[in-house]
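Visitor: Return a 3D structure for these sequence lines:
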Amino acid sequence: MNKKLFSFLSILIALFVGALYYSNSIQKPLISAQNQIKINYHNSIEFMEDSFNKHFFQADTITSLQEKLDKYENNHLVMQQLASEINDLYKENNSSLKTEPKVELIRTISYEKFGDLNRIWLEIPDYNSSKIYGLTYREIVAGIVISKNKRALGLLNKDIQSSYAVFIGSKHAPGIAHGNNGKNLVVKFIPAWFELEIGDEVITSGLDNIFFKGLKVGRVISFTKSQGYQNAIIEPYYQANDPGYFHMIRSLK
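Guide: Numbering: from 1, shown residues only. Predicted structure coming up:
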């Protein structure tokens with residue numbers, strides 16, 4: 001009797017797990033509830049950490065943050081001035097171009113799946129699931145943001161589906177960078193007439209409407225030629241050791 005009951009329960013569990021894996025209608029409410037629990041957990045942890053730090057390290061923290069704030073405010077004012085002057089220059093020459101980028105700080109909720117360190121759920125207010133966004137960490141490229149089940153999923157650089165346009169070296173050889181689920185990145189479709197060198201720096205080209213031009217990606221460690229194109233292996237600058245917070249490029253102009 002016990003064996004029959006055990007077999008019956010095993011079959012029910014297997015059917016439930018199968019339905020959960022293949023059915024979006026079951027996955028969506030479970031993912032939604034799970035992510036909300038994780039968000040509340042993160043909020044609680046941050047609240048307790050902030051309260052503890054304010055109580056025990058208030059003076060040192062305020063001094064340190066004030067110094068950083070002064071530095072960031074200065075840099076922000078300089079960038080605002082440059083953007084204002086550029087926009088005025090466009091206006092003076094009757095150009096429709098303008099520079100009004102939007103970048104915001106966002107928080108990681110959790111990994112999408114255990115064992116896959118390249119995919120993370122993100123907490124993004126007013127998320128538009130119809131667009132792809134650029135993800136940066138301390139001014140270097142970290143990956144992209146796509147929609148999965150109408151929710152924001154971050155694909156870090158090494159994920160095979162993380163893809164964006166880049167330039168290589170001083171001659172700005174164009175190519176498409178993507179992950180290979182390994183240690184390094186791959187840049188494909190580089191025209192064969194560009195001369196590449198080991199150590200060439202890779203930056204975003206800004207031609208994909210995802211990133212600004214000039215954000216740093218990594219350096220070339222090897223390259224090969226094949227059928228009129230070149231492929232380059234890139235050692236990325238960003239290493240996903242602590243993917244807690246990122247900056248997301250919501251719009252470029």
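
Visitor: Same question for the helix or strand containing Gln230: list its buried residues.
Guide: According to DSSP states H and E, Gln230 maps onto strand 229-236. Under the neighbour-count criterion of 16 or more other C-beta atoms under 10 Å, strand 229-236 has Gln230, Asn231, Ala232, Ile233, Ile234, Glu235, Pro236 buried. Glycine gets a C-beta too; all of them are placed from N, C-alpha and C.

Visitor: Tell me the one among the residues you listed nearest to Gly199.
Guide: Out of those, the one with the shortest distance to Gly199 is Glu235. That distance is 9.9 Å, counting by C-beta to C-beta.

Visitor: separation between the closest residue in space to Leu185 that isn't next to it in sequence and Ile203?
Guide: Nearest non-adjacent residue to Leu185, counting by C-beta to C-beta, 6 or more residues apart in numbering: Ile234, 4.2 Å away. Distance, Ile234 to Ile203, by C-beta to C-beta, to the nearest Å: 11 Å.

Visitor: Give the residues shared as contacts by these two.
Guide: Val217 (C-beta atoms under 8 Å, 6 or more residues apart in numbering).

Visitor: about what we covered before: parallel or antiparallel, list what pairs with the strand holding Gln230.
Guide: The partner list of strand 229-236 in its sheet, established with DSSP bridges, is strand 185-191 (antiparallel), strand 216-226 (antiparallel).

Visitor: Quick one: closest of those to Ala177.
Guide: Comparing the strands paired with strand 229-236 by their distance to Ala177 (C-beta to C-beta), the top pick is strand 185-191, with 4.8 Å.

Visitor: And the contacts of that closest one?
Guide: Under the criterion C-beta under 8 Å, 6+ apart, external residues in contact with strand 185-191 comprise 157-158, 166, 168, 173-180, 196, 202, 217-218, 223, 228-236.

Visitor: How about it, which residues are buried there?
Guide: The neighbour-count check on strand 185-191 (16+ other C-beta under 10 Å) flags Leu185, Val186, Val187, Ile190 as buried.

Visitor: Tabulate those residues (TSV), appending pLDDT.
Guide: TSV is the format used below for the buried residues of strand 185-191 (pLDDT from 0 to 100):
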residue	pLDDT
Leu185	97
Val186	97
Val187	97
Ile190	97
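
Visitor: Closest one to Ser130 out of these, please.
Guide: Ranked by distance to Ser130 (C-beta to C-beta), these are led by Leu185 at 26.3 Å.

Visitor: follow-up on the earlier one: between the buried residues of strand 229-236, which is nearest Glu139?
Guide: Lowest distance from Glu139 to the buried residues of strand 229-236 (C-beta to C-beta) belongs to Pro236, with 13.8 Å.

Visitor: Please name the bridge partners of the closest residue to that closest one other than its chain neighbours.
Guide: Ranked by C-beta to C-beta, 6+ apart and with sequence neighbours excluded, the top spatial neighbour of Pro236 is Gly218, at 4.1 Å. Beta bridges link Gly218 to Val202, Pro236 when assigned by DSSP bridges.
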